[in-house]
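[1] Provide a 3D model corresponding to the input given below.
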Amino acid sequence: MVAIAVADEVIFEVQDNYQKQTYRNRAHIAHTNGVLQLNIPIKHSKDGTRQKTRDVEVENDFPWQSQHWKSLQTAYRTSPFFEYYEDDLEPLFTNPVVKLLDHNIAIFKMLAELTGIEVTYRFTECYELTPATTDLRELVVSKGEKVFDFAAYTQVFQVNHGFLSNMSVLDLLFNEGPNTLHYLENQALDL
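    Residues are numbered from 1 along each chain as shown. Alright, predicted model coming up:
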């Protein structure tokens, strides 16, 4: 979100082959026991063929949305701004989800609106190994991820765990509220 906050335009890669262990279907939040990973389960192709990112469907055979929402409520109910944003965010955890990309774009739009980020976006039309624009696709990879040294802000469980860096932007939003955009714009993204 730091990169998005300072961008003029965002181009979402949707033509690549979907990869496991990326932030396309996971996020980390600060929880009572430390870091909690929230995973959106996906349907894998039955014949083992690769899926394009744009085609990946969500597995809804168990109530992952309600589990994620309960985890967020438990983790952030006492944060300064949870109640301010919860009514806007709750539909992301109650409305039916079919395609992962559609859900991620709904999340992106909601977070942009709540934080005040004004950026245009579009989707790739074909996969380019070396695109002509700034390529930040590696930021989506969670395996061997790069840890950024962002400035600390006050977190709900900081007394128990110290500052937990690289959490979901929801952690920042629930703890910093209207200051979220200012925080994002003032972080150095050392790539």
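[2] quick one: contacts for Leu92?
    For Leu92, the contacting residues are 103, 106-107, 110, by Cβ atoms under 8 Å, 6 or more residues apart in numbering. In short, each C-beta sits where N, CA and C put it, glycine included.
[3] same check, this time on Ala152
    By Cβ under 8 Å, 6+ apart, the contact set of Ala152 is 163, 165.
[4] what sits against Asn166?
    Contacts of Asn166 were listed using Cβ under 8 Å, 6+ apart, and they are 28, 145, 147-148, 150.
[5] show the buried residues in the contacts of Leu92.
    Among those, those classed as buried by 16 or more other Cβ atoms under 10 Å are 103, 107.
[6] closest one of the contacts of Leu92 to Phe174?
    Met110 (13.7 Å; Cβ to Cβ).
[7] which strands and helices lie in contact with the helix or strand that contains that closest one?
    In the assignment (DSSP states H and E), Met110 maps to helix 100-115. Packing partners of helix 100-115 (3 or more Cβ pairs under 8 Å, 6 or more residues apart in numbering; DSSP states H and E): helix 82-89, helix 169-176, helix 180-185.
[8] closest to Asp61 out of those?
    helix 82-89 (23.7 Å).
[9] what's the angle from that closest one to helix 169-176?
    Angle of helix 82-89 versus helix 169-176, following axes from the mean of the first three to the mean of the last three Cα atoms, to 10 degrees, is 140 degrees.
[10] just to revisit the earlier point, make CSV from the contacts of Asn166 and add neighbour count, distance to Arg122 and pLDDT to it.
    Compiled in CSV, these are given as follows (neighbours: other Cβ atoms under 10 Å; distance: Cβ to Cβ, whole Å; pLDDT from 0 to 100):
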residue, neighbour count, distance to Arg122, pLDDT
His28, 19, 28, 94
Glu145, 14, 25, 64
Val147, 7, 29, 74
Phe148, 14, 26, 78
Phe150, 18, 27, 87
